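J.: For reference, the sequence and a predicted model appear below.
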Amino acid sequence: MGNVLRSLHKHCCEHTTAESQSLGPHGVSAQNAGVSAFARDLLHFEVTSQVPEGLGKHVVSSKKAQSNWYNKLLQAWKEAKPPPKTAEEAARLIIATLKRHHKADVEGLLAFYNLPLPHTLVELSTGVPPKLPDWVKYELHTLPVNAKAVSDGDSITVYVSTTDPRESSSIPREVQIAAIQRSKARAEKNYAKADALHKKIIDQNYRVIPIRNEEVLAKKYRVRLRGIDAPESSMPYGKQAKEELAKLVEGKSLRVLIYGEDRYNRYVGDVYSNGTFVQEMMLKKGCAWHYKAYDKRTELANWEKEARAKQVGLWASKNPEEPWEWRKKKCQAR
């Protein structure tokens, strides 16, 4: 547990931006540094049973009650898979764990770490469906996603281990042979040969991915999020939409319900990250349009309307341009 917390603390500190932001009472600026501070204090509490100095100035309950919170939060952190990495994830963990405690205490604790307050968080209404919806052809359970695999706000590249029953029976023979030969070449420290063999594997839409000191042969899937259309990278709010999607999926093993393929040979699907319906989050945060030309689900339309009414994300602009119209103009200009 201590190693996990130390690792997260280091990771968050390394990614703290130098942008000028207001300091929270815990003396941190970037929100991810608040997550790091929270992880550090949980580690400190696990070792010393002491709550952080200065917390009492921001909450109303006694130190005994504070110790009770940290016991609960420590257990919740241990059970979280994976543990929180973003400010929003940490805030949700605190709110869910302390939901029966005084509102002033919960909000004081969040403010202490400069984490989002409850009223600023997007309320999610949709979890993983108990059974596969109509028209779903199959589902994927992916390996943890790398942030670099997010190409824009509505497309990601994922990998599925070939040990998955659905994948194991369809591995091309040339990929199997290349994987065996690559493993042997690496054991012999013939890295040039191993790299050449890995290129053969990649050319067949597979890749060998290191996970927890092991190498996993996995199949590549390019996934288009069904029912939403995010701004293109070079459009206004395109960068923010991409960053939001990366934040939702980075490091997570996703559940993807596949409905079919599009004309670009991408797999069109509903994506779930730790039980969160990713399309819902993207729409409610104003990071995408409901792509009604290809998806008539009323809940998606309602989530877009909700974001429009709140003027969040791209809806803070008066007349944001639809991505499909932007693409049409680009094609006509060629």
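T.: Sure thing, it's come through. Numbers count the residues shown, from 1 in each chain.

J.: CA atoms for contacts and neighbours, from now on please.
T.: Will do.

J.: where do the helices sit along the stretch 1-150 of the chain?
T.: 2-14, 31-48, 63-79, 87-97, 103-112 (DSSP state H, counting those that start in this stretch).

J.: Which elements pack onto the fourth one?
T.: Put plainly, it is helix 87-97. Applying 3 or more C-alpha pairs under 8 Å, 6 or more residues apart in numbering; DSSP states H and E, we find helix 87-97 packed against helix 31-48, helix 63-79, helix 103-112.

J.: Now mean pLDDT and distance to Val128 too, for these, in TSV please.
T.: As requested, those are arranged in TSV below (pLDDT from 0 to 100; distance: least, C-alpha to C-alpha, whole Å):
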stretch	mean pLDDT	distance to Val128
helix 31-48	89	26
helix 63-79	95	19
helix 103-112	95	28
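
J.: Let me know the helix or strand that Ile258 is in.
T.: strand 254-261 (DSSP states H and E).

J.: Quick one: distance of the next helix or strand after that strand to the chain centre.
T.: Later in the chain than strand 254-261, the nearest helix or strand by DSSP H and E is strand 267-273. Remark: strand 267-273 is offset 13 Å from the chain centroid, using C-alpha atoms, centre = their mean, to the nearest Å.

J.: What are the contacting residues of strand 267-273?
T.: 127-128, 221-226, 248-249, 252-262, 277-279 (C-alpha atoms under 8 Å, 6 or more residues apart in numbering).

J.: switch the cut-off to 7 Å
T.: 128, 221-226, 248-249, 252, 254-262, 277-278 (C-alpha atoms under 7 Å, 6 or more residues apart in numbering).

J.: Okay, now the sheet partners of it, with direction.
T.: Next to strand 267-273 in the sheet, as set by DSSP bridges, lie strand 214-225 (parallel), strand 254-261 (antiparallel), strand 276-277 (antiparallel).

J.: And the nearest residue to Leu74 once chain neighbours are set aside, how far from Leu98?
T.: Setting aside the residues directly before and after it, Leu74 is nearest to Leu42 in space (C-alpha to C-alpha, 6 or more residues apart in numbering), at 6.1 Å. Separation of Leu42 from Leu98 (C-alpha to C-alpha, to the nearest Å): 15 Å.

J.: And the helix or strand harbouring Glu167, what's buried?
T.: Element membership of Glu167 [criterion: DSSP H and E] is helix 165-168. Neighbour-count burial for helix 165-168, counted by 16 or more other C-alpha atoms under 10 Å, picks out no residue.

J.: Now the element after that helix, going C-ward?
T.: Where DSSP H and E defines the elements, the next helix or strand beyond helix 165-168 is helix 173-187.

J.: wait, what's in contact with Ser155?
T.: Listed by C-alpha under 7 Å, 6+ apart, the contact partners of Ser155 are Val223, Arg224, Leu225.

J.: Of those residues, which is the nearest to Ile94?
T.: The nearest member of these to Ile94, counting by C-alpha to C-alpha, is Leu225 at 29.5 Å.

J.: picking that back up, so for Glu244, which of the helices of the stretch 1-150 of the chain sits nearest?
T.: Closest to Glu244 of those is helix 87-97 (C-alpha to C-alpha; 11.4 Å).

J.: Residues contacting the closest one, please?
T.: Gln31, Asn32, Gly34, Val35, Lys72, Leu73, Ala76, Pro84, Val106, Leu110, Leu115, Pro116.

J.: Tell me which residues touch the fourth one, please.
T.: Meaning Val35. Lys85, Thr86, Ala87, Ala90.

J.: Identify, from the residues you listed, the entry nearest to Pro231.
T.: Using C-alpha to C-alpha, those come closest to Pro231 at Thr86, 23.0 Å.

J.: how many other residues sit next to that closest one?
T.: A count of neighbours around Thr86, defined by other C-alpha atoms under 10 Å, yields 18.

J.: Equivalent analysis for Lys193, please.
T.: Residues near Lys193, counting by other C-alpha under 10 Å, number 15.

J.: ok, it touching Ala185?
T.: Yes. Between Lys193 and Ala185 there is a contact under C-alpha atoms under 7 Å: 6.4 Å.

J.: and the gap between Leu115 and Phe38?
T.: For Leu115, the distance to Phe38 - C-alpha to C-alpha - is 10 Å.

J.: Put together a markdown table for the helices and strands packed on helix 87-97, with distance to Gly238 on each row.
T.: Converted to a markdown table, the helices and strands packed on helix 87-97 look like this (distance: least, C-alpha to C-alpha, whole Å):
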| stretch | distance to Gly238 |
| --- | --- |
| helix 31-48 | 22 |
| helix 63-79 | 33 |
| helix 103-112 | 30 |
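
J.: among the ones you listed, which is nearest Glu243?
T.: It's helix 31-48; of the helices and strands packed on helix 87-97, that one is closest to Glu243 (C-alpha to C-alpha) at 14.2 Å.

J.: now the closest one and helix 103-112, what's the angle there?
T.: 110 degrees (axes from the mean of the first three to the mean of the last three C-alpha atoms, to 10 degrees).
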